[in-house]
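Visitor: structure for the following, please:
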Amino acid sequence: MNRPLDQSFINAKNLLNSSSDMIIAVDSDRKIIEFNAAAEHSFGYTRDEVIGKHVDMLYAEPTYGNSIHQKTIERGHTSQEIININKNSEVFTSYLSTSIISDVDGNKIGVMGVSRDISSIKNTEAQLRVSREYGKILIDCSMDMIIAVDNNRKILEFNKAAVDTFGYQPEEVIGKSVNILYADPEEGRTLHRKTSVSGKVLSEVISRKKNGDEFFSLISASLMHDKDGEQIGVMGISRDITSEKLSRNILKKSEERHRILSVELAEANIMKELLLDVITHDMKNTLGTLNGMAELLLQEYGNNEYASVIGQCTTNLIDIIENASILTQVTLGEEIDKRNINLNQLLMGISNEFLVVLDSKKMTLEIDIDPEITIYANPIISEVFKNYISNAIKYASDGKRIVVSAFKTSSGLTVEVCDFGKTIEKENYDSIFNRKVQLAGTGKNGRGLGLAIVQRISDAHSAKVGVMPNSPTGNKFYIKFSNT
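Guide: Numbers count the residues shown, from 1 in each chain. Take a look at the predicted model:
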């Protein structure tokens, strides 16, 4: 063999085997006549295993191979994606370019194919498609409006929430200026500029729907970048906050109204206190005069029944006025003066006030209190016991007895007013201390203020009031004073 030809053959062979692409040649009968190193690597066959074999063995679908061969013969070349199969029966995708092989006389003697395994590229493309589709699903499933624009503020993305809110279909807005979505286009331009400078902006804007209706939106805008980090647009995520804004405005007006009412109420309370002080002062002056005249009459005429009654009544009225003034302090939550009070003496004095009514009801009032027991309280505390005793007379007269007792515990002192009438239902225990609450079936009328006042007075003394069943029947109304 001619040495230059031998060297050319060697060079050609080296060139074929050094190629990273698969190079396979077939003759006119599609029998393999060339199979380079890259082909061996991809298909898993050695050159000797395939030389002289039909090329169909390399196709997942042999008919595709025949079609490619015919097209190459007819056109001189062809390029397309194909599905190959390797020695292990594993399929992979290749991109194949073919051309005709001719002899020195120009006769067609076969086909040469150069191909490259593009399976990884196809997989990447598939993953990108899945990723894009997944992203699209996420965007369309979002309850918030998602709108993307390019650097020229032309709309690129318009999700389902945006369609539902604005009333436009995607094809109506894609490629259009985003200005059509703003009540004031300048507001949109300002938002775009701020986002370009800071990278992210949160802002309230007024948007406009397709039908012209305007609404408030809260938009979070951020920059979009390409793989090289270059800015390619702005993505905005927004939601309609019209109802929320309306609610906030209503709440703000309501708060302002309540503030005004609070000021007016405070002023009214000041005027009420002032008026009460004036009335109390004038009444006490008048009653003081009457009381003084009664004392003069008693001094001049001795034990005069009428003068004695007038004196006692004026004294009682002065006490009532004093109590009313203290009750006002209690109602307003103000601190009241306290001192040590002998409990037995207090209750004995209270019992004297009920002698007449007890006698008319044929009832007895028993005071079972240790004479040495004292309580640290304001004299207004007497109203608690007066209310308890008065209610027992009014609602439990059929029990014929009222017993007042006291006992000390480790935590303080408990005073009980016990009646023997009809037992109050447990579900009413808490409610009877509320204002204007009266028990059904009592047949008694009133303002329902007594026990509500008791609650206020006990609160002013950091005490606890309540009721529990008596035995065998009736009720125990109590007040518990703590050691502190």
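Visitor: C-alpha from now on. contacts and neighbour counts both.
Guide: Noted.
Visitor: part of a helix, is Asp359?
Guide: Yes. In this structure, Asp359 lies within a helix as judged by DSSP: H, G, I helix; E, B strand; the rest coil.
Visitor: tally up the residues packed near it, please.
Guide: A count of neighbours around Asp359, defined by other C-alpha atoms under 10 Å, yields 10.
Visitor: was I right about Tyr395 contacting Phe420?
Guide: No. Contact between Tyr395 and Phe420 fails when scored by C-alpha atoms under 8 Å: they sit 10.1 Å apart.
Visitor: between these two, who's got more neighbours?
Guide: Each of Tyr395 and Phe420 has its neighbours counted (other C-alpha under 10 Å); Phe420 has more, 22 against 15.
Visitor: any idea how far Ile326 is from the more buried one?
Guide: The spacing between Phe420 and Ile326, counted by C-alpha to C-alpha, to the nearest Å, is 32 Å.
Visitor: and if you look at Val205?
Guide: Counting by C-alpha to C-alpha, the separation of Val205 from Ile326 is 57 Å.
Visitor: what does Ser431 give?
Guide: Per C-alpha to C-alpha, Ser431 is found 25 Å from Ile326.
Visitor: who has more neighbours out of those two?
Guide: Ile326 (20 against 15).
Visitor: element containing the more buried one?
Guide: helix 305-331 (DSSP states H and E).
Visitor: for Tyr395 and Phe420, list the residues in contact with both.
Guide: Counting by C-alpha atoms under 8 Å, 6 or more residues apart in numbering, Tyr395 and Phe420 have no common neighbour.
Visitor: the protein: helices as residue ranges?
Guide: Secondary structure of the chain by DSSP state H: the helices cover 3-18, 37-43, 47-50, 62-75, 119-141, 160-166, 170-173, 185-198, 242-301, 305-331, 343-353, 355-361, 382-395, 450-460.
Visitor: in a markdown table, list those along with distance to Asp150.
Guide: As requested, these are arranged in a markdown table below (distance: least, C-alpha to C-alpha, whole Å):
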| stretch | distance to Asp150 |
| --- | --- |
| helix 3-18 | 46 |
| helix 37-43 | 43 |
| helix 47-50 | 54 |
| helix 62-75 | 43 |
| helix 119-141 | 17 |
| helix 160-166 | 17 |
| helix 170-173 | 13 |
| helix 185-198 | 10 |
| helix 242-301 | 28 |
| helix 305-331 | 68 |
| helix 343-353 | 87 |
| helix 355-361 | 93 |
| helix 382-395 | 79 |
| helix 450-460 | 69 |
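Visitor: between the ones you listed, which one is closest to Phe477.
Guide: Evaluated over the helices of the chain, closeness to Phe477 peaks at helix 382-395, with 6.7 Å, by C-alpha to C-alpha.
Visitor: what is that closest one packed up against?
Guide: Other helices and strands packing on helix 382-395, by 3 or more C-alpha pairs under 8 Å, 6 or more residues apart in numbering; DSSP states H and E, are helix 343-353, strand 412-419, helix 450-460.
Visitor: for the shortest one, buried residues please.
Guide: I take that to be strand 412-419. By neighbour count on 16 or more other C-alpha atoms under 10 Å, the buried set for strand 412-419 is 413-419.
Visitor: within its sheet, name the partner strands of that strand and how each one runs.
Guide: Here strand 412-419 is paired, per DSSP bridges, with strand 401-408 (antiparallel), strand 475-482 (antiparallel).
Visitor: now that strand: how far from the chain's centre is it?
Guide: 47 Å (C-alpha atoms, centre = their mean, to the nearest Å).
Visitor: try stretch 157-174
Guide: Worked out by C-alpha atoms, centre = their mean, stretch 157-174 lies 29 Å from the chain centre.
Visitor: swap in stretch 227-238?
Guide: With C-alpha atoms, centre = their mean as the basis, stretch 227-238 stands 31 Å off its chain's centre.
Visitor: could you do stretch 248-264 as well?
Guide: 24 Å.
Visitor: go on, stretch 177-189?
Guide: In terms of C-alpha atoms, centre = their mean, the centre of stretch 177-189 is found 32 Å from the chain centre.
Visitor: and it, what's its mean pLDDT?
Guide: Regarding stretch 177-189, the rounded mean pLDDT is 94.
Visitor: could you say which of the strands paired with strand 412-419 is packed most deeply?
Guide: The highest mean neighbour count among the strands paired with strand 412-419, using mean count of other C-alpha atoms under 10 Å, belongs to strand 475-482: a mean of 22.
Visitor: which residues does it contact?
Guide: Strand 475-482 is contacted by residues 388, 411-424, 458, 461-470 when judged by C-alpha under 8 Å, 6+ apart.
Visitor: at 7 Å what do you get?
Guide: 388, 411-420, 423-424, 463-470 (C-alpha atoms under 7 Å, 6 or more residues apart in numbering).
Visitor: looking at the strands paired with strand 412-419, which is closest to Met283?
Guide: Met283 lies closest to strand 475-482 among the strands paired with strand 412-419, at 32.4 Å (C-alpha to C-alpha).
Visitor: give me the angle between the closest one and helix 382-395.
Guide: Strand 475-482 and helix 382-395 are oriented at 170 degrees to each other (axes from the mean of the first three to the mean of the last three C-alpha atoms, to 10 degrees).
Visitor: now Glu334: phi and psi?
Guide: Phi and psi for Glu334, reported as degrees, to the nearest 10, are phi -80, psi 160.
Visitor: ok, now how distant is it from Ile241?
Guide: Distance from Glu334 to Ile241, by C-alpha to C-alpha: 45 Å.
Visitor: give me the more crowded residue out of those two.
Guide: Ile241 (17 against 12).
Visitor: which residues sit in contact with that one?
Guide: Taking C-alpha under 7 Å, 6+ apart, we find Ile241 in contact with 216-218.
Visitor: need those in CSV with pLDDT, neighbour count and distance to Ser94, can you?
Guide: Shown next, in CSV, are these (pLDDT from 0 to 100; neighbours: other C-alpha atoms under 10 Å; distance: C-alpha to C-alpha, whole Å):
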residue, pLDDT, neighbour count, distance to Ser94
Phe216, 93, 20, 54
Ser217, 92, 20, 51
Leu218, 93, 18, 50
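Visitor: can I get those residues in TSV with distance to Leu296?
Guide: Shown next, in TSV, are the contacts of Ile241 (distance: C-alpha to C-alpha, whole Å):
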residue	distance to Leu296
Phe216	82
Ser217	84
Leu218	84
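Visitor: what about the residues you listed, which are in strands?
Guide: 216-218 (DSSP state E).
Visitor: point out where the protein drops to low pLDDT.
Guide: Along the chain, the model assigns pLDDT under 70 to residues 1-14, 130-132, 134-139, 268-282, 284, 331-332, 435-449, 484.
Visitor: domain map for it?
Guide: As assigned by automatic domain parsing, the chain contains the domains 3-117, 124-240, 246-331, 339-482.
Visitor: now do the end-to-end distance for the last one.
Guide: This stretch, domain 339-482, spans 15 Å end to end (C-alpha to C-alpha).
Visitor: next one: stretch 194-209
Guide: Length of stretch 194-209, first residue to last, C-alpha to C-alpha: 24 Å.
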